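Engineer: just a sequence and a predicted model for now, questions to come.
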Amino acid sequence: MFLAKVIGTIWATRKDENLRSFKLQFIQPMNAAREKVGGPIVAVDTVGAGPGEVVMYITAREAVIPLPVEMAPVDASIVGIIDRIDLKGD
Amino acid sequence: MILGKVVGTVWATRKDEELTGMKLQIVKHVDLDYKLKETFVVAVDTVQAGVGDIVLIATGSSARQTTVTKNKPVDAVIMAVVDKLDVSE
């Protein structure tokens, strides 16, 4: 799992049948120190995250597992909203 | 998923038999302002996207999770046509 910040929402009327009821969010991946890592990606939101929230997400084929459908062309999904990060050291 | 813009179509007569009937599009990666990046990918179109459309592409084994591409030799699929982006930063 990775950390990211939700930075926006995507509206897409024409999409895969199995994605009809899901929200697509733009997320900016970041490290534990909340610094940007790479470019933004699009993830399916399964937890109701909103813009500005820090979330954890999963990628690849596993990203379909949290969705209540048998299959869906999804390679990233948000699976949790982060309340707090405790970092020791540094 | 990654944001991209359909810039062209690929025609290939000799290809894996499993790919027969699939529409292959050239999709250039774009940033949040729809500005074209240098990189691109050839993706199977499952949502009837046309040249000029801003689309979302799923890659890797997730690309096989559609009725069109199930168990086919495909690693990139267009799975949504973008109407609008609401980005706050």
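Structural biologist: Happy to help now that I have it.
Engineer: how about the residues of chain A near chain B?
Structural biologist: Proximity of chain A to chain B (CB under 8 Å from any CB of the partner chain) is limited to residues A:7-19, A:24, A:26, A:28, A:39-43, A:51-52, A:60-61, A:63-64, A:71-76. Every residue, glycine included, has its C-beta placed from N, CA and C.
Engineer: what bits of chain A have low per-residue confidence?
Structural biologist: By pLDDT under 70, the low-scoring segments of chain A are A:89-90.
Engineer: name the single longest strand found in chain A.
Structural biologist: Longest strand in chain A, counting residues (DSSP state E): strand A:2-11.
Engineer: report the buried residues of it.
Structural biologist: A:3-10 (16 or more other CB atoms under 10 Å in any protein chain shown).
Engineer: can you pull out the strands in chain B?
Structural biologist: Going by DSSP E, chain B shows strands at B:2-10, B:24-30, B:36-45, B:54-59, B:76-81, B:84-87.
Engineer: quick check, central residue of chain B?
Structural biologist: residue B:78 (3.2 Å; CA atoms, centre = their mean).
Engineer: I'd say that one and residue B:47 touch.
Structural biologist: Yes. Under the criterion of CB atoms under 8 Å, residue B:78 makes contact with residue B:47 at 5.9 Å.
Engineer: tell me where chain A has strands.
Structural biologist: Taking DSSP E as the criterion, chain A contains strands spanning A:2-11, A:14-15, A:23-30, A:41-45, A:54-59, A:76-81.
Engineer: deepest of those, which one?
Structural biologist: Highest mean neighbour count among those (mean count of other CB atoms under 10 Å in any protein chain shown): strand A:41-45, with a mean of 23.
Engineer: now stretch A:43-52: buried residues?
Structural biologist: For stretch A:43-52, burial by neighbour count (16+ other CB under 10 Å) applies to A:43-46, A:49.
Engineer: hang on, the earlier thing: quick one: common contacting residues for residue B:78 and residue B:47?
Structural biologist: Common neighbours of residue B:78 and residue B:47 (criterion: CB atoms under 8 Å, 6 or more residues apart in numbering or on different chains): residue B:55.
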